[in-house]
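Engineer: structure for this input, please:
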Amino acid sequence: MTTPAKTPAKASTKTKAATKTTAKVEVSATAKPKRTSKAKASVMPKLSPVDQALQNHLIFSSFKTNDAATPRDWYDAASYTVRDHVVERWVKTAESYYRDDPKRVYYLSLEFLIGRMLSNAALNLGINDELKSGLASLGRDLENTVEMETDAALGNGGLGRLAACFLDSMATMDIPATGYGIRYEYGMFKQTIENGQQVENPDNWLRYGNIWEFQRPEATYSIKFYGHVVKYETEKGETQHWVDAEHVVAMAYDVPVPGYGETVNSLRLWSAKAAREFDLSHFNDGNYEKSVQERNDTENISKVLYPNDASVLGKELRLKQQYFFVSASIQDILRRFLSTHDVKKQADWKILPDKIAIQLNDTHPSIGVAEMLYQLVDVHGLDWDFAWGLVVKIFAYTNHTLMPEALETWTVDLFGRLLPRHLEIIYKINHEFLHMVNHHFPGDPELLKRVSIIDESNGRRVRMAHLAVVGSHTVNGVAALHSQLLKQHLFADFDRIYPGKMTNVTNGITPRRWLNQANPGLTSLIEKVIGGDFKKDLTQIKKIAPLANDKDFRKAFAAVKQVNKARLAAKIEQKTGIKLNVNSLFDVQIKRIHEYKRQLLNVLHVITLYNRIRNGEKNITPRTIIFGGKAAPGYWMAKQIIRLINDVAAIINEDVAVGDQLKVVYYPNYEVSAAEILFPGSDLSEQISTAGTEASGTGNMKMSLNGALTIGTLDGANVEIMEEVGEENIFIFGLTTPQVAEVKANGYNPHDYYHSNPELKQVLDMIASGFFSIDEPNRYQPIIDNLLKNGDQYLLLADYASYIETQDRVGKLYQNQEEWTRLAILNVANMAKFSSDRAIGDYAKNIWHVKS
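Structural biologist: Below is the predicted model:
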């Protein structure tokens, strides 16, 4: 159960900076001082507390006056002003945690896609209106000020955004929690589209600093790599020591996480620092590069998210990243525990699982199981069996994929060279685990091979997902279908071995970010009719369902959507130069580019529509089809799909015979701030992955909450969305998960579909012949080969006809705007289940066992 909804208490408006300033002060080196005679000096009007705080921070934090200030200076002043209120609550929250000593939740994730902080913090603290009026009184606009903030490049896609939503909910629900991750200097990459192709550029998001972070030089930990293990006998038996290791320093940076109310939790990010940053002897010898080599090599660890792992060095850097942040986090967790508990003997440690819960967000932090054992046994001297008993009560693991190839594995050679002591620890965990399995399931060597943490059949590799499953008390999937498939397929053996360990927690999204902040027009409309409690208790939004039949409400709802579409169209024109018809159906697919997500199927529909228009077919609903998302730098096929989309767009958008009937757009550098414009401006949400491949998805939830209808397969959370909104209010197509398995089992032949469907054949032949790539006719032959010669792994051709027929129904319904709007309202009204507050409530009650 979530706590009762309540509006954030009105923030204190006391000024945190110095309070005595006048308009005469001129401190900027870029401005000439003005001379004002005493006779003509005007009296400054009395400023409100927020106005005064803005003025003070402009001068004392940015060293500027009104006349000299740039838009970035005003952003800084606004951020410092809001941050003051955040910090006040942050301190009170931290003090209450140390005073009350509750059980704490630690959320370990390689990604936290937190987005912009200023507007989110102001809204959650209830001071947005004061900030807006304060800036207005000083001649500034809040929306333009917010635009100066750079998105924090701390994640890539759904995994990182889910983690950010969960942090928001934990703070809103007053759950003592800390997120742990890496302070990436350059994020993943900043995407530009040049000549139709993705180009990766460094995302220098820290160029202007980050007002929202607090460096903690006192919170540093030594992280060890390489070296070797020595063994010797003691009174307790054989003891292992990790020696001759290289040391890297992890330094903490704290970012506040303001909930919708009084609680402000923390996100602690680690930055890699060299133990010795500068070698003066090499410098004096003239070897300038070598003098800073150690620093450069070390800082690479926190330079970028997901370094390309096509090379051995790339793989090593990825493993380094994961161990680096996990080790620092666990050392920090144990330090905090020891600072508040008198632990003098082994038995005193038994309360550890009553005071900490660690959630592993996907397999990236699963090395934490071995690291906790290393800390408890090697560093703190606990017995192995006692320590293992603590570990399996502390950790829980969230799986985010159904694809075996996406579950991380590392070669034993790499793992042993980089983390020699941890490989020994994993060997011991595995030995005891397999002994237990053999005892309960005797005479089944194949079972032992399948579940072993060490994969002996594939060049000896460490299976990190298996380590997470064995070392956790609970393993959860992220949608009902996903969790069912985990039990039936991916982790079927583990479900037999550990009955009851596997469970489900369907993902969710925070309504504070994805409705209150992203869609102020819709938020205001809903608030007028049902009040504002839905921002904290999304079950309240169900109250608008009867208004779907109210003509006036439908009119107001449609007007909000049109304003949002106009805003999106203006942004697209600014970024791409393409002018859109805002009365067309905005058909949107924005997500990471991957073959299983089937952006290519969407492209086949685009070309089909194009051919119909060229053939003179009448009564086709005008459409704008918008793509967006990044492809991993080393994922060549995904990058080819991006190029195909842009080549198709170039032909269609320039065809005068098509005009405004069809436009195709690729929105570059998809990020949180872009999503906040894209979701509210969407009419149709494309969720078209092959059934049985998407774990959950959260873009589907964000789209629906903002009034888009969904076209999708029965995959991931689409199944539950259909159950909530009703089959008649969603467009479902394609094979189901059992049907996919059946088609493949019966010998799927994509050629059968190619030859039997003339429209499909024409589309594929156009791509293959170079119709969209005249300068290089064979450019997309590999895509065609994947579909026709290499088995069409994700069954695009099998689902094509159903997809096209369903899209025809979409187009027909859109022509009836009254009915379309009615369905859109019902989608919004039935999104309560998909609040991250509900998801966190499930974790708190069933997994972490903390109060919510």
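Engineer: alpha carbons only for contacts and neighbour counts from here, please
Structural biologist: Noted.
Engineer: where along the stretch 51-200 of the chain do the strands fall?
Structural biologist: 104-108, 177-182, 190-194, 197-201 (DSSP state E, counting those that start in this stretch).
Engineer: can you give me the mean pLDDT across stretch 718-726?
Structural biologist: For stretch 718-726, mean pLDDT is 98.
Engineer: now stretch 771-778
Structural biologist: 97.
Engineer: what does stretch 677-691 give?
Structural biologist: 98.
Engineer: ok, and what's touching it?
Structural biologist: 518-519, 561-562, 564-568, 585-589, 596-598, 700, 702-704, 706-716, 718, 735-737, 740, 794-796 (CA atoms under 8 Å, 6 or more residues apart in numbering).
Engineer: can you tell me which of the residues you listed are in strands?
Structural biologist: Among these, DSSP state E puts 585-589, 709-712 in strands.
Engineer: in a markdown table: those, plus distance to residue 611, neighbour count and pLDDT.
Structural biologist: As requested, the ones in strands among the contacts of stretch 677-691 are arranged in a markdown table below (distance: CA to CA, whole Å; neighbours: other CA atoms under 10 Å; pLDDT from 0 to 100):
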| residue | distance to residue 611 | neighbour count | pLDDT |
| --- | --- | --- | --- |
| 585 | 18 | 22 | 98 |
| 586 | 19 | 25 | 98 |
| 587 | 18 | 22 | 98 |
| 588 | 20 | 25 | 98 |
| 589 | 21 | 26 | 98 |
| 709 | 25 | 28 | 98 |
| 710 | 24 | 28 | 98 |
| 711 | 22 | 22 | 98 |
| 712 | 23 | 24 | 98 |
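Engineer: just put the residues you listed in a markdown table and tack on distance to residue 255.
Structural biologist: As requested, the ones in strands among the contacts of stretch 677-691 are exported to a markdown table (distance: CA to CA, whole Å):
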| residue | distance to residue 255 |
| --- | --- |
| 585 | 40 |
| 586 | 36 |
| 587 | 36 |
| 588 | 32 |
| 589 | 31 |
| 709 | 36 |
| 710 | 35 |
| 711 | 37 |
| 712 | 37 |
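Engineer: which of the contacts of stretch 677-691 count as buried?
Structural biologist: By neighbour count, with 16 or more other CA atoms under 10 Å, the contacts of stretch 677-691 hold 518-519, 561-562, 564-568, 585-589, 596-598, 700, 702-704, 706-716, 718, 735, 737, 740, 794-796 as buried.
Engineer: now do the same end-to-end measure for stretch 533-552.
Structural biologist: Stretch 533-552 stretches 23 Å from its first residue to its last (CA to CA, to the nearest Å).
Engineer: quick one: mean pLDDT over it.
Structural biologist: For stretch 533-552, the per-residue pLDDT averages 98.
Engineer: likewise for stretch 489-497?
Structural biologist: Rounded mean pLDDT across stretch 489-497 is 97.
Engineer: any idea how far that stretch is from the chain center?
Structural biologist: Relative to its parent chain, stretch 489-497 has a centroid offset of 28 Å by CA atoms, centre = their mean, to the nearest Å.
Engineer: for that stretch, give me every contacting residue.
Structural biologist: Stretch 489-497 is contacted from outside by 402-404, 437, 447, 450-451, 469, 486-487, 501-502, using CA under 8 Å, 6+ apart.
Engineer: that'll do, ta.
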